[in-house]
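Trainee: Whatever this is, show me its structure:
(one chain, ligands or ions: 1)
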Amino acid sequence: MSGRLEVVCGPVGSGKSKEIERIVSTLKHVHVPFLVFKPEFKHSSDIGEHVIKSSVDKKGVDFMLHIAEKFPDTETIIIDGANFYTSDIIDAVEKWVKANRVICVGLDTDFSGKPFATMAMLMAMADDVTKLKGICAVCKKPATKSQLVEIDEKAPDEIIEFSAFYEPRCRKCHKVPQYKPSEKLRWIMDR
Ligand SMILES: [Zn+2]
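Mentor: Residues are numbered from 1 along each chain as shown. Here you go, the predicted model:
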């Protein structure tokens, strides 16, 4: 059996979580065995007991490989927040895609509009790429960027935890903030 790699990406507020819920609902309906992985710090989307959380480094990816091996009947593997993983996820995806349908979902670009390296790689490797759009919070036109807003200077490390600090913006309304991300935030967002 040959697999397939699909990438679903877009800015914050473009419906990525809803798309995962829709895919999971379809898989359940047709009784396709599946696994959903997501970073341990990611709170959005709730599809219940099917989600396995891991760290986003090599250790986390090794754990994901281990879990997938424990469930050899799995047909579809979904990776939520794929942009946050280190490049180790690429090796895992290459391995899985030989036999599985693999769906990677995540942000294509960071707050400055710069592509996430892992997502750029996955998009190049993919059989199918779906780019979702949000609605620009300023002008209501289709949004392809994630705007970092309302930064609390006292707690910048927590920005990653709250998507309320981001809003969808179109290319014209998107502004790169003067704010310099903390080391931790940059560490996560550079992935
Ligand atoms: Zn706009």
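Trainee: contacts, neighbours, all on C-alpha from now
Mentor: Noted.
Trainee: As a check, name the ranges of all helices in this protein.
Mentor: 16-29, 58-70, 88-96, 117-125, 183-189 (DSSP state H).
Trainee: Could you dump these into TSV and include mean pLDDT?
Mentor: Putting those into TSV (pLDDT from 0 to 100) gives the following:
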stretch	mean pLDDT
helix 16-29	95
helix 58-70	96
helix 88-96	97
helix 117-125	97
helix 183-189	51
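Trainee: Using CSV, please lay out those helices together with distance to the ion and mean neighbour count.
Mentor: Shown next, in CSV, are the helices of the chain (distance: least, C-alpha to the ion, whole Å; neighbours: other C-alpha atoms under 10 Å):
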stretch, distance to the ion, mean neighbour count
helix 16-29, 20, 15
helix 58-70, 37, 16
helix 88-96, 33, 17
helix 117-125, 24, 18
helix 183-189, 23, 14
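Trainee: Throw those into JSON lines and include distance to residue 6, thanks.
Mentor: As requested, those are exported to JSON lines (distance: least, C-alpha to C-alpha, whole Å):
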{"stretch": "helix 16-29", "distance to residue 6": "12"}
{"stretch": "helix 58-70", "distance to residue 6": "18"}
{"stretch": "helix 88-96", "distance to residue 6": "11"}
{"stretch": "helix 117-125", "distance to residue 6": "8"}
{"stretch": "helix 183-189", "distance to residue 6": "22"}
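Trainee: residues contacting residue 134?
Mentor: 10-15, 142-144, 168-169 (C-alpha atoms under 8 Å, 6 or more residues apart in numbering).
Trainee: An error on my part: the question was meant for residue 173.
Mentor: So residue 173 contacts 136, 138-139 (C-alpha under 8 Å, 6+ apart).
Trainee: Try it again at 10 Å.
Mentor: 136-139, 141, 143, 145, 147 (C-alpha atoms under 10 Å, 6 or more residues apart in numbering).
Trainee: Tell me the spacing between residue 176 and residue 81.
Mentor: Computed as C-alpha to C-alpha, to the nearest Å, the residue 176 to residue 81 distance reads 22 Å.
Trainee: likewise residue 132?
Mentor: Residue 132 is 14 Å from residue 81, by C-alpha to C-alpha.
Trainee: Neighbour count: these two, which is higher?
Mentor: Shown here are residue 132 and residue 81; by other C-alpha atoms under 10 Å, residue 81 has more neighbours (23 against 19).
Trainee: Just list the residues touching the closest residue to the more buried one other than its chain neighbours, thanks.
Mentor: Of all residues not flanking residue 81 in the chain, residue 106 sits nearest, at 4.6 Å (C-alpha to C-alpha, 6 or more residues apart in numbering). Taking C-alpha under 10 Å, 6+ apart, we find residue 106 in contact with 7-12, 16-17, 79-84, 116, 118-119.
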